[in-house]
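>>> Kindly return the folded structure for what I paste below:
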Amino acid sequence: MSDILTYSISVFTGFFAIMNPISNIPIFISLTEGANKETKQKVNKKAVLTAFIIIAVFVILGKFIFQLFGITIPAFKITGGILIFYVGFEMLQSKKSNVKHLKETNFDENVAVSPLAIPILAGPGTIVTAMNFVSNSSYLDIGLVIVIFALMCVLTYVAFSLSDFIARKIGDNVISVIGKIMGLIIAIIGTTMIIQGIKLSFDLLN
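All right, here's what the predicted structure looks like:
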């Protein structure tokens with residue numbers, strides 16, 4: 001039971017750090033500028049649902065994808081760890097990750113799918129994190145990852161729904177600090193994945 005709890009906390013922390021609902025609020029506000037409240041909620045719902053479907057597919061088909069392309073777990077952990085570390089490092093440097101870079105654009109409901117769902121919510125970092133958690137796991141673990149990601153989607157939906165209120169209350173400076181903390185956590189997760197991959201490659205686990 002304790003192993004399941006520890007695993008669940010690890011998965012939640014990983015998803016929370018990489019998705020970071022609070023620091024994504026300014027992006028959501030910018031993308032939906034000029035839209036009425038009803039349209040904003042429509043965009044919000046579509047973006048979160050799309051992100052959930054994308055990640056759920058990768059989680060469920062993760063092992064098949066590994067077998068299809070002949071991907072080894074050590075190689076995936078090392079490569080994924082480098083990618084996640086890079087995203088976290090950019091956040092620590094107060095830069096927007098290239099996988100989340102946004103261009104100036106007029107409002108369009110299609111922003112719900114791109115760039116909001118992809119790559120902001122379900123970008124390469126999120127996909128790599130999700131697949132890493134199920135790369136060598138049981139069906140119970142796969143179910144837990146899907147449920148926990150669904151919870152993250154709900155939290156993101158709530159954060160976006162209250163985006164205007166939250167932005168007014170906590171301010172840009174606090175959002176920036178939260179982003180740096182999440183960046184540090186993401187970088188640590190990436191480093192851990194690299195270490196695990198190296199250990200697996202050279203059979204150093206024992």
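>>> Go through this structure and flag its longest helix.
The residue-count maximum for a helix in the chain (DSSP state H) belongs to helix 163-201.
>>> tell me which residues in that one are buried?
163, 166-167, 175, 178-179, 182-183, 185-187, 189-190, 192-194, 196-197, 200 (16 or more other Cβ atoms under 10 Å). C-beta here means a position set from N, CA and C on the backbone, and glycine is covered the same way.
>>> and the closest residue to residue 113 other than its chain neighbours, what is it in contact with?
Distance criterion Cβ to Cβ, 6 or more residues apart in numbering; nearest residue to residue 113, sequence neighbours excluded, is residue 50 at 5.6 Å. Residue 50 is in contact with 112, 113, 117, 118, 122, counting by Cβ atoms under 8 Å, 6 or more residues apart in numbering.
>>> got it, and residue 132?
Applying Cβ under 8 Å, 6+ apart, the residues contacting residue 132 are 76, 77, 80, 193.
>>> Can you classify it as helix, strand or coil?
Look at residue 132: counting by DSSP: H, G, I helix; E, B strand; the rest coil, its state is helix.
>>> Surely residue 88 touches residue 189?
Yes: counting by Cβ atoms under 8 Å, residue 88 does reach residue 189; the two are 7.4 Å apart.
>>> which residues are in contact with both of these two?
With Cβ under 8 Å, 6+ apart as the test, residue 88 and residue 189 both reach residue 17.
>>> Now residue 71: closest residue in space that isn't a chain neighbour?
Residue 71's closest residue in space is residue 65 (Cβ to Cβ, 6+ apart), at 7.2 Å.
>>> Any buried residues in the helix or strand encompassing that neighbour, and which?
Per DSSP states H and E: residue 65 is located in helix 37-69. Under the neighbour-count criterion of 16+ other Cβ under 10 Å, helix 37-69 has 40, 43-44, 46-48, 50-52, 54-56, 58-60, 62, 66 buried.
>>> Tell me which helix or strand comes right after that helix.
Assigned by DSSP H and E, the successor of helix 37-69 is helix 73-92.
>>> name the helices or strands packed onto that following helix?
Applying 3 or more Cβ pairs under 8 Å, 6 or more residues apart in numbering; DSSP states H and E, one finds that helix 73-92 contacts helix 2-19, helix 124-134, helix 163-201.
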